[in-house]
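# quick one, fold the following:
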Amino acid sequence: DEWVGPALAAQAAVAIQHARMAEELVASALLRREVAVAREIQQSTLPGTMPRVSGYDLHGHFQPTDQTGGDLFDLALVDERLFLLLGDATGHGFGPALSATQLQAMLRVAFRLGAGLEDAYRQVNNQMAEDLPDDRFITAFMGFLDPASHRLEFHSAGQGPILHYRARQGRVERHVPTSFPLGALALEQLQPPVRLDLRAGDILAVISDGVYDHATREGERFGEQRVAELLHRHREESMAQLSERLVEAAFEFGGEAPQADDITLLLLKRDA
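Here you go, the predicted structure:
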């Protein structure tokens, strides 16, 4: 009996361990399925193809750190104007991804209902100030391009720098944020939007800090100056190619350092 008892106990322990492992495998498979669905939903909110705007080359790129990310971009034609959006929610994973998707959905509804840029910005900001926790916010660039006049108007909610490559002068102009990040606090009034006239060959680059802050293991950042130099060096290439150059250069600079933040680019060029 003394010999049989421990043997039976060992057999029972093995059976219990196998049952626990089976439960963990099932739970892990369910979690992977849920993550895949969440990623699919988030990817479906991004433009499947870039809109066609006569006289312009457009490209957007999104590369999350995790399965889902807190960045987003949007390019859409609204009443013959091009709407541009880039957002970056604090953090990584499901929570920021939900915040970013909520921002995009609210803005699309606002513009379909006929809201202007300033009204949509203010109303969405104030709603998110009510909804988001105190330690959460979204930096965002949102603007409209009129292809007929080649004028761009935008607000930048803590998103910056916004880089404007002027082809005629061969230099990059830097624009700082115009307001607080979305959801940080309620706003009653806004400063007037920034207005840019895009001339032949000009490039607008809206890039998340996943590029600027991509760093080596020693902590050296890729930085704004390297981005500006790449804009000038590859100005003749398509915006899809320029996007690849920027991302490749950032990772080459970082070496073996892993990607620490979501990477999103929104590039717009007026044909030369």
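
# mind checking the SS state of residue 210?
Of the three states, residue 210 takes helix under DSSP: H, G, I helix; E, B strand; the rest coil.

# what sits against it?
63, 65, 71, 259-264 (Cβ atoms under 8 Å, 6 or more residues apart in numbering). (Each C-beta comes from the backbone N, C-alpha and C, glycine too.)

# least confident of these?
In this model, the minimum pLDDT among these belongs to residue 65 (79).

# that one reaches residue 259, doesn't it?
Yes: in terms of Cβ atoms under 8 Å, residue 65 counts as a neighbour of residue 259; the distance is 5.5 Å.

# about what we covered before: may I ask which two of the contacts of residue 210 are separated the most?
Across these, the longest distance by Cβ to Cβ is 14.1 Å; it joins 260 and 264.

# what about these two, which has more around it?
Neighbours of residue 260 and residue 264, each counted by other Cβ atoms under 10 Å, are more numerous for residue 264; the result is 26 against 13.

# secondary structure element for that one?
Assigned by DSSP states H and E, residue 264 belongs to strand 263-270.

# helices or strands up against that strand?
strand 56-63, strand 71-78, strand 81-89, strand 203-207, helix 209-212, helix 239-254 (3 or more Cβ pairs under 8 Å, 6 or more residues apart in numbering; DSSP states H and E).

# pipe these into CSV and attach distance to residue 140 per row.
Below are the helices and strands packed on strand 263-270 laid out as CSV (distance: least, Cβ to Cβ, whole Å):
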stretch, distance to residue 140
strand 56-63, 14
strand 71-78, 9
strand 81-89, 4
strand 203-207, 10
helix 209-212, 13
helix 239-254, 19
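
# quick check: residue 249 touching residue 230?
Yes: between residue 249 and residue 230 there is a contact at 5.9 Å, judged by Cβ under 8 Å.

# what about stretch 167-182, start to end distance?
32 Å (Cα to Cα, to the nearest Å).

# and the helices in the stretch 101-250 of the chain?
117-131, 209-212, 223-233, 239-254 (DSSP state H, counting those that start in this stretch).

# circling back to that earlier point, ok, the strand holding residue 264: who's next to it in the sheet?
When pairing is defined by DSSP bridges, strand 263-270 lines up against strand 56-63 (antiparallel), strand 203-207 (antiparallel).

# surely residue 200 touches residue 235?
No: using Cβ under 8 Å, residue 200 is not in contact with residue 235, being 11.6 Å away.
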